[in-house]
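K.L.:
Mind folding the following:
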Amino acid sequence: GSTRSPTKSPTKRPTKAPTKAPTRSPVSSITRAPTRGGPGTCWDLDPNGCCRTSSGGYGSYTRYTRSSRSSCQSLCLSTTGCKGFEFNTASSNNCELHWSDDDFSFTAGGLSCGMCCQCNNMDTRPPTKSPTKSPTKMPTKMPTKSPTKSPTKSPT
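P.N.:
Below is the predicted model:
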């Protein structure tokens with residue numbers, strides 16, 4: 001057999017069989033989590049890891065007790081300001097709602113804190129139809145032509 005010289009870059013797509021050379025090993029350093037998902041969705045950043053801030057901290061969260069991942073997710077999606085959650089069945093069904101995008105800078109896998117999930121929460125409410133009607137009618141026509149005598153018998 002003969003060896004071909006390298007192809008010019010870039011090659012036309014699709015290319016033939018994959019190259020024989022191995023790909024680079026996974027990185028040993030922590031990588032930032034990608035942003036994914038449309039409004040009202042959540043996705044697993046790590047099914048077996050803890051949510052961590054860019055400085056390695058726990059982040060800003062509030063702890064609740066929920067029986068399942070889906071109930072923890074529903075709580076996050078229905079709570080204004082929730083950016084995602086950490087859920088752990090091994091630790092009394094902890095459901096931690098996280099409040100900062102920085103809380104998902106990376107995950108620390110292999111720990112016993114459960115799963116780290118980020119959400120795209122729809123915090124905005126739909127606008128009201130405008131104009132809205134006044135809640136009550138005014139008791140008198142405004143303005144009066146001249147001042148009324150003081151005091152009046154009933155409020156005007």
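K.L.:
where do the helices sit along this protein?
P.N.:
Along the chain, the stretches classed as helices by DSSP state H are 69-77.
K.L.:
For stretch 122-130, give the mean pLDDT please.
P.N.:
Rounded to a whole number, the mean pLDDT of stretch 122-130 is 56.
K.L.:
What of stretch 92-111?
P.N.:
For stretch 92-111, the per-residue pLDDT averages 87.
K.L.:
Would you mind putting the CA coordinates of that stretch into CSV?
P.N.:
The C-alpha atoms that make up stretch 92-111 are tabulated as CSV, following Å, rounded to 0.1, in the frame of the first residue of the first chain:
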residue,chain,number,x,y,z
SER,A,92,-33.3,13.9,52.8
ASN,A,93,-34.6,15.0,49.4
ASN,A,94,-32.7,18.3,49.5
CYS,A,95,-33.8,20.6,46.7
GLU,A,96,-31.6,23.7,46.6
LEU,A,97,-32.9,26.6,44.4
HIS,A,98,-29.9,28.7,43.2
TRP,A,99,-30.2,32.4,42.5
SER,A,100,-27.1,33.4,40.5
ASP,A,101,-25.8,32.4,37.1
ASP,A,102,-22.3,32.2,38.7
ASP,A,103,-23.6,29.2,40.8
PHE,A,104,-23.3,27.1,37.6
SER,A,105,-19.7,28.1,36.6
PHE,A,106,-18.7,24.4,37.0
THR,A,107,-19.7,21.3,38.8
ALA,A,108,-17.8,19.2,41.3
GLY,A,109,-18.4,15.6,40.4
GLY,A,110,-18.0,12.6,42.7
LEU,A,111,-19.4,14.3,45.7
